[in-house]
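> Give the three-dimensional model of this entry:
(chains A and B)
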Amino acid sequence: MTLRFHDSATAATRDFTPLKEGQVSLYYCGATVQGEPHIGHVRSALAFDQLTRWLQSSGYHVTVVRNVTDIDDKILVKAEENNEPWWALAYRFEQAFEDAYDALGILKPTYEPRATGHIPEMHALIATLIERGHAYPALDDSGDVYFDVRSWQQYGSLTHQNIDDMQAAPDADPRGKRDPRDFALWKGHKDGDPETAKWESPWGAGRPGWHLECSAMVTKYLGTEFDIHGGGLDLRFPHHENEMAQSQAAGHGFANFWMHNGMVTFEGEKMSKSIGNTINPREMLELARPLVVRYYLGQAHYRSVLDYRPGSLTEAAAAVERIETFLDAATPFLAPQESDGRLRDLGALSSRSEIPAKFRAAMDDDLNIPAALAVLHETVRAGNTAVAAGDSKAVAKAVAGVVGMTDALGINPLDPQWQQGTGAEAETAALDVLVRAQLEARARARAEKNWAESDKIRDVLAAAGVVVADTATGATWSLKK
RNA sequence: GGUGGGGUGGCCGAGAGGCGAGGCAACGGACUGCAAAUCCGUGCACACGGGUUCGAAUCCCGUUCCCACCUCCA
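Numbers count the residues shown, from 1 in each chain, chains lettered A, B, ... in the order given. Take a look at the predicted model:
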């Protein structure tokens, strides 16, 4: 099967062919850094991380751009409330987002531009739009510049809406607009706005409008035409509609594909700041390991709604542990250079990894991760059966599959990314010596059928968080996850 | 009012005219000194009512409920 993605603009799933052979350009909307991230933000970044990884697994060189909107009305309002400079607040929350992304293994974008660093590019775009008759300075003396929605016939095409059918905002302030739906490209500086949030422009001092930022930055880093534009479903309108309108009205081809991820809900309702039903990644990481959180947030199809309920993470943890348990059980079957007792060499394993055709087909079909995970779990089961049968060839094959598939999804338990907090290698080695001594004592007790002593040793280890498992080749141990 | 997406077994979650994805949970069995892990097995699942068809969860008509967007929102 060929690679296909669902394109929101044409409302169809169609074959993906990059503009430049072997290369993919991807832009997706990052955060407006006006507050703490919640898991909805993280899910969006994760969806595009999965996309990026899959494109890479498919042999493409991917250029990823994710913006940071570090200037907007809310940032100014909150900074004022906090009595701190707006840029201090923006940096603080930008770092909170970075921390959340890093914790879940979301790959760094190639470029991560901030809006405030691209004012000249925005001015150039505004000038082009005015020149072409699609933008105009406000009819009042606000210093705003608006995009002229009525001048662009295709306006509404991304979301398949007709301007006249749209419900007008009840509190719409016409200001100096020709049409209430005209949106600001440039916002004139007003009395009371911080002096530091002011840039000179041919239309008067002010700051950029939100939609314009993305258009200017996409073009700078990916050119006037690029492969994929992504973001959360809630950005489709007005943000992406406006982006597309202003860029195309400026003569740019713009995005070839539009991909939107579904929302995260909490017990059925969209998670959002205004409702106050958000869950912070930090809170989630207190409930489960980063790998489990990533597995949980990434297990549903990216376009479907993901409903979080208490208990969701426990289920995900069980699924992850199933994979880990297999990998542990498989270790003794691997060739020495691929296994050093408990400590595995990821590099050696990766070189033998392989991705089953069924998995590939599922991923190629608009990133059908649930179906891909089914292949992963089937492979784990086959691997467990092979372990029980002592078929080392079959075990090695299953390990290669599991490593290949989990790597492609960014959930390989052997990846050093997930080893943080589990103890340094030297400590693990020291612990191994101590636990082995206990296991030997237990083996002696068992040989004498002294079950009381044997169970006591196991209980003591369990109390310390060490889980003992008896196998055909002797007892093994692992730390309780 | 407009534009979209949905209602799948106890829960999550794919699929999309025939052969019951997968995970979690539960129950039974195998293995085990007992466990744990693992394996095997067990569910008359497709919102409701009609229709098309040899056959429908999947197509058509109607009904109903839910969600998102149309204002800042991943």
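> mind checking the SS state of A:Leu297?
Classification of A:Leu297 by DSSP: H, G, I helix; E, B strand; the rest coil places it in helix.
> ok, it touching A:Leu46?
Yes - if you go by CB atoms under 8 Å, A:Leu297 and A:Leu46 touch, sitting 5.3 Å apart. C-beta coordinates here come from the backbone N, C-alpha and C atoms, glycine included.
> tell me which parts of the stretch 101-250 of chain A are close to RNA strand B?
A:159-162, A:165-169, A:181, A:183, A:210, A:231-239 (CB under 7 Å from any atom of the strand).
> higher neighbour count, A:Leu297 and A:Leu46?
For A:Leu297 versus A:Leu46, neighbours defined as other CB atoms under 10 Å are more numerous around A:Leu297 (25 against 22).
> hang on, the earlier thing: might you specify the subset of the residues of the stretch 101-250 of chain A next to RNA strand B located within strands?
A:183, A:231-232 (DSSP state E).
> shaky segments in the stretch 101-250 of chain A?
Within the stretch 101-250 of chain A, the stretches with pLDDT under 70 are A:168-174.
> give the contact list for the residue of chain A found nearest RNA strand B.
Nearest to RNA strand B, among the residues of chain A, is A:Gly232, at 1.9 Å (CB to the nearest atom of the strand). Neighbouring residues of A:Gly232 by CB atoms under 8 Å, 6 or more residues apart in numbering: A:29, A:40, A:44, A:260-261, A:263.
> Show me the beta-bridge partners of it.
Beta-bridge partners recorded for A:Gly232 (DSSP bridges): A:Asn261.
> A:Ala205 versus that one, what's the distance?
Distance of A:Gly232 to A:Ala205, computed by CB to CB, to the nearest Å: 32 Å.
> Run a quick neighbour tally on A:Leu434.
By other CB under 10 Å, the burial measure for A:Leu434, its neighbour count, is 12.
> what ranges do the strands span in the stretch 351-481 of chain A?
A:466-471, A:474-479 (DSSP state E, counting those that start in this stretch).
> Which among those is found nearest to A:Val433?
strand A:474-479 (11.7 Å; CB to CB).
> Look up the residues forming beta bridges with A:Thr63.
Bridge pairing for A:Thr63 - DSSP bridges - gives A:Ser25.
> got the residues of the stretch 301-450 of chain A near RNA strand B?
So the stretch 301-450 of chain A meets RNA strand B at A:301, A:304-307, A:309, A:311-312, A:314-315, A:318-319, A:322, A:325-326, A:329, A:368, A:370-371, A:373-374, A:377-378, A:380-381, A:384-385, A:387-388, A:446 (CB under 7 Å from any atom of the strand).
> Please list only the buried members of these.
Neighbour counting with 16 or more other CB atoms under 10 Å marks A:301, A:306, A:312, A:319, A:325-326, A:329, A:368, A:373, A:377, A:380, A:384, A:387, A:446 as buried within these.
> Of those residues, which is the nearest to A:Asp432?
The closest of those, once distances to A:Asp432 are taken by CB to CB, is A:Ala329, at 16.8 Å.
> As PDB, could you dump the C-alpha coordinates of the helix or strand containing that closest one?
Assigned by DSSP states H and E, A:Ala329 belongs to helix A:312-330. What follows is helix A:312-330, C-alpha atoms only, in PDB (Å, rounded to 0.1, in the frame of the first residue of the first chain):
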ATOM      1  CA  SER A 312      -6.900   5.100  31.500                       C
ATOM      2  CA  LEU A 313      -3.300   5.200  32.600                       C
ATOM      3  CA  THR A 314      -3.500   1.900  34.500                       C
ATOM      4  CA  GLU A 315      -4.700   0.100  31.400                       C
ATOM      5  CA  ALA A 316      -2.000   1.600  29.300                       C
ATOM      6  CA  ALA A 317       0.600   0.600  31.900                       C
ATOM      7  CA  ALA A 318      -0.500  -3.000  31.700                       C
ATOM      8  CA  ALA A 319      -0.200  -3.000  28.000                       C
ATOM      9  CA  VAL A 320       3.300  -1.500  28.100                       C
ATOM     10  CA  GLU A 321       4.400  -3.900  30.800                       C
ATOM     11  CA  ARG A 322       3.300  -6.800  28.600                       C
ATOM     12  CA  ILE A 323       5.800  -5.600  25.900                       C
ATOM     13  CA  GLU A 324       8.500  -5.100  28.500                       C
ATOM     14  CA  THR A 325       8.000  -8.500  30.100                       C
ATOM     15  CA  PHE A 326       8.500 -10.100  26.700                       C
ATOM     16  CA  LEU A 327      11.600  -8.200  26.000                       C
ATOM     17  CA  ASP A 328      13.000  -9.200  29.400                       C
ATOM     18  CA  ALA A 329      12.000 -12.800  28.900                       C
ATOM     19  CA  ALA A 330      13.600 -12.800  25.500                       C
END
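> what distance separates that helix from the centre of its chain?
21 Å (CA atoms, centre = their mean, to the nearest Å).
> Now do A:Thr422, the pLDDT please.
The pLDDT attached to A:Thr422 in the predicted structure is 56.
> got it, and the one 3 residues further on?
With respect to pLDDT, A:Glu425 scores 70.
> The helix holding A:Ala329 - contacts with which helices or strands?
helix A:290-298, helix A:369-389, helix A:392-409, strand A:474-479 (3 or more CB pairs under 8 Å, 6 or more residues apart in numbering; DSSP states H and E).
> which ones are touching A:Ser8?
Contacts of A:Ser8 (CB under 8 Å, 6+ apart): A:158, A:236, A:258-260.
> mind running it again at 6 Å?
If you count contacts by CB atoms under 6 Å, 6 or more residues apart in numbering, A:Ser8 has them with A:258, A:260.
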